[in-house]
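Enquirer: Have a look; sequence and predicted model below, questions after that.
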Amino acid sequence: MKSKHLPNKFFDREKLSSDLTAGLTTALVTIPDGMASAILAGVSPVHGLYALMVGTPVASLTTSAQLMYVANTGALAVAVGSALSGVTPEGQAAALVMLCVLVGAIQLTFGLLKLGGILRFISNAVLTGFMSGIALIIILGQLGEFAGFHSHYSNKVMQAVDLVLHLNQVNWQALVVGLAAFALIIVLGRTRLARFNMVLAMVGALLLVQAFGWNQVALVANVAQIPSSFPRPALPDLRLIPGLIAPALAVALIGLVQSAGVSKSVPNPDGRYSRVSRDFSGQGIANLVSGLFRGMPIGGTMSETSINISAGARSRWAGVFSGLFIIAIVLVFRPIVERFPMPAIAALLIVAGYEALDFEEILDVWDIGIGPRLIMLITFVATLALPVQYAVLTGVVLSALQYLYNASLNIQLVQIMIQADNSLEEHPAPERLPSDEMTTLRYYGSSFFASMDTLERNLPHIGNARRPVVVLNLRGRASIGSTFVRVLERYNQRLHAAQGKLMLAGVHPQVMAQLEITETTDDIPVEDIFLATPRIGASTEAALAAAREWLDQASKKHAQAAVGNETEEG
């Protein structure tokens with residue numbers, strides 16, 4: 001008898017065909033891209049392929065984002081190159097192993113400590129601007145390869161501008177191959193062969209080059225030679241840790257931020273989004289294994305993820321199959337893969353980049369308001385103009401500033417009024433306090449110190465009121481800052497000057513401890529502070545009853561004093 005807790009099959013046969021097709025397609029596209037990323041990092045292309053052969057399938061099995069493709073990325077390649085810039089050529093391989101292992105260990109630690117919440121500080125506007133910029137960079141970065149034009153600029157935007165200014169230098173053979181591949185992708189994508197459109201486009205481009213004998217079209221072999229053996233494991237040199245720990249932390253964070261942007265854009269097949277902390281752990285394990293097999297650091301990549309989905313991926317097995325196909329291609333079909341035209345691969349990436357642009361999400365952020373709109377636009381421009389890590393940092397700083405600004409203004413003070421049936425209703429807080437009456441207030445908003453000025457301005461003015469009583473409900477606040485305490489003390493002093501008083505209701509025990517340790521209870525007596533109870537409204541009712549009793553006594557004293565004054569005058 002089978003346990004109901006176990007799956008009936010290792011994987012779904014209905015998804016097998018789609019996942020195999022997606023795996024083959026991403027393998028064919030990722031091989032040249034992986035080698036190019038390694039070259040960009042200043043290391044041997046072999047290390048880029050080793051990462052794909054080992055790290056990619058491991059990541060597919062361990063991350064929570066089932067359709068996210070984990071592979072070499074341009075941002076990580078640049079960061080790796082910076083980290084290894086001071087390493088001698090002889091020590092480069094050992095340093096890369098140690099760097100990748102450190103990156104994996106840091107990411108795994110973040111995941112095990114459930115630190116995925118740190119990404120809450122990266123707003124949706126930042127991620128939308130960042131991922132839109134990355135998608136456009138993918139498109140712009142492939143235009144030169146698509147047209148057989150190689151610019152001397154490193155920035156992708158400038159490369160595209162340079163291409164437009166030098167159209168007379170376009171390689172027409174490469175352009176025809178790229179256009180043919182692009183046309184096949186689009187046309188076949190609308191037929192029953194849609195699942196195979198990308199693979200067939202690459203095969204068609206290969207046959208086109210071979211049929212006409214075009215020798216001016218760049219091939220995979222022009223990027224680098226594909227290794228013909230499976231990577232051998234290598235132990236990291238622990239002596240290199242002190243010099244690589246800081247760069248490894250930077251590389252790890254860049255990889256996590258990039259992957260978070262991808263995973264937040266791509267839901268799992270069940271419609272749910274991945275658990276970020278588990279993605280951290282999964283990528284950490286993948287990079288640990290990649291490093292031990294002499295691969296370079298990898299992370300979630302939008303371009304290959306888009307290709308993976310476009311090619312029909314329906315489960316995490318697409319990434320596993322991709323890694324297996326890469327191994328098979330490297331070991332068996334190396335001579336064929338080396339002859340694939342680079343313009344055809346550029347066409348695939350251009351299509352993938354376009355599909356990565358989420359126009360609906362862009363419009364949602366645009367419609368929310370001027371703040372998110374500016375953050376998205378600035379992050380988008382920064383992504384195009386700056387290194388990826390600085391672009392993300394720019395967006396995070398802007399998001400933090402926007403939050404602080406909104407928190408300082410988003411203050412609401414309401415008056416709680418008892419109705420005839422003893423129900424409570426909220427009304428706008430009065431501008432001025434009445435004499436010999438209770439005013440019950442509730443405060444909504446942040447306790448952040450920058451918002452306290454707004455709170456103090458919104459408190460009802462005392463004016464000429466005599467013996468006013470204010471009951472301020474603080475329910476739901478587990479702590480208050482010192483600036484909040486000072487606001488309470490100053491308002492209480494002004495009430496005392498008008499022979500009134502301030503009472504607090506719904507006070508959390510931790511807030512009570514703060515009031516005692518700051519000696520605020522010397523000004524607001526403990527008997528005027530009512531702790532929160534499980535029954536909502538109980539502390540407010542108790543405060544109101546005490547306020548009524550105090551007002552009755554104050555009225556009697558005032559009346560007696562008035563009679564005494566009349567007697568003396570008589």
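Expert: Looks like it arrived, so ask away.
Enquirer: Could you list which residues are in contact with residue 414?
Expert: Taking C-beta atoms under 8 Å, 6 or more residues apart in numbering, we find residue 414 in contact with 426-429, 441-442, 444. Glycine gets a C-beta too; all of them are placed from N, C-alpha and C.
Enquirer: can you pull out the strands in the stretch 51-200 of the chain?
Expert: 70-71 (DSSP state E, counting those that start in this stretch).
Enquirer: Show me the helices in it, by range?
Expert: Under the criterion DSSP state H, counting those that start in this stretch, the stretch 51-200 of the chain contains helices at 56-62, 74-83, 92-112, 124-147, 156-165, 172-188, 197-212.
Enquirer: Can you tell me which of those is nearest to residue 243?
Expert: Between residue 243 and these, the shortest gap by C-beta to C-beta is with helix 92-112, which sits at 8.3 Å.
Enquirer: Now that closest one: buried residues?
Expert: Judged by neighbour count using 16 or more other C-beta atoms under 10 Å, the buried positions of helix 92-112 are 93-108, 110-111.
Enquirer: Between the two ends of stretch 293-309, how far is it?
Expert: 28 Å (C-alpha to C-alpha, to the nearest Å).
Enquirer: if I've got this straight, residue 504 is in a strand?
Expert: Yes: when DSSP: H, G, I helix; E, B strand; the rest coil is applied, residue 504 is found to be in a strand.
Enquirer: what residues are up against it?
Expert: 471-472, 474, 488, 515, 524, 528-530, 543.
Enquirer: Using JSON lines, lay out those residues together with secondary structure.
Expert: Converted to JSON lines, those look like this (three-state DSSP):
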{"residue": "471", "secondary structure": "strand"}
{"residue": "472", "secondary structure": "strand"}
{"residue": "474", "secondary structure": "coil"}
{"residue": "488", "secondary structure": "helix"}
{"residue": "515", "secondary structure": "helix"}
{"residue": "524", "secondary structure": "coil"}
{"residue": "528", "secondary structure": "helix"}
{"residue": "529", "secondary structure": "strand"}
{"residue": "530", "secondary structure": "strand"}
{"residue": "543", "secondary structure": "helix"}
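Enquirer: So among those residues, which ones count as buried?
Expert: 471-472, 474, 488, 515, 524, 528-530, 543.
Enquirer: what's the angle between the worst-scoring helix or strand of the chain on mean pLDDT and helix 124-147?
Expert: Ranked by mean pLDDT, DSSP states H and E, the weakest helix or strand in the chain is helix 388-409, scoring a mean of 73. Orientation check (axes from the mean of the first three to the mean of the last three C-alpha atoms, to 10 degrees): helix 388-409 against helix 124-147 gives 160 degrees.
Enquirer: Give me the mean pLDDT for the next helix or strand after helix 388-409.
Expert: Note on helix 388-409: by DSSP states H and E, the next helix or strand toward the C-terminus is strand 412-418. Strand 412-418 carries an average pLDDT of 83.
Enquirer: Tell me the gap between strand 412-418 and the middle of its chain.
Expert: Strand 412-418 has its average C-alpha position 37 Å from the chain's average C-alpha position, going by C-alpha atoms, centre = their mean, to the nearest Å.
Enquirer: Direction included, what does that strand pair up with?
Expert: strand 424-428 (antiparallel), strand 438-444 (antiparallel) (DSSP bridges).
Enquirer: Would you tell me which of those gets closest to residue 82?
Expert: strand 438-444 (46.5 Å).
Enquirer: so where's the stretch 101-250 of the chain uncertain?
Expert: Across the stretch 101-250 of the chain, residues meeting the criterion (pLDDT under 70) sit at 117-121, 195, 223-226.
Enquirer: what number of residues lie near the residue lying closest to residue 174 once chain neighbours are set aside?
Expert: In space, and not counting its chain neighbours, residue 174 is closest to residue 148: 2.8 Å by C-beta to C-beta, 6 or more residues apart in numbering. Using other C-beta atoms under 10 Å, the number of residues around residue 148 comes to 23.
Enquirer: how about residue 148, what does it touch?
Expert: Contacts of residue 148 by C-beta under 8 Å, 6+ apart are 170-175, 216-218, 343.
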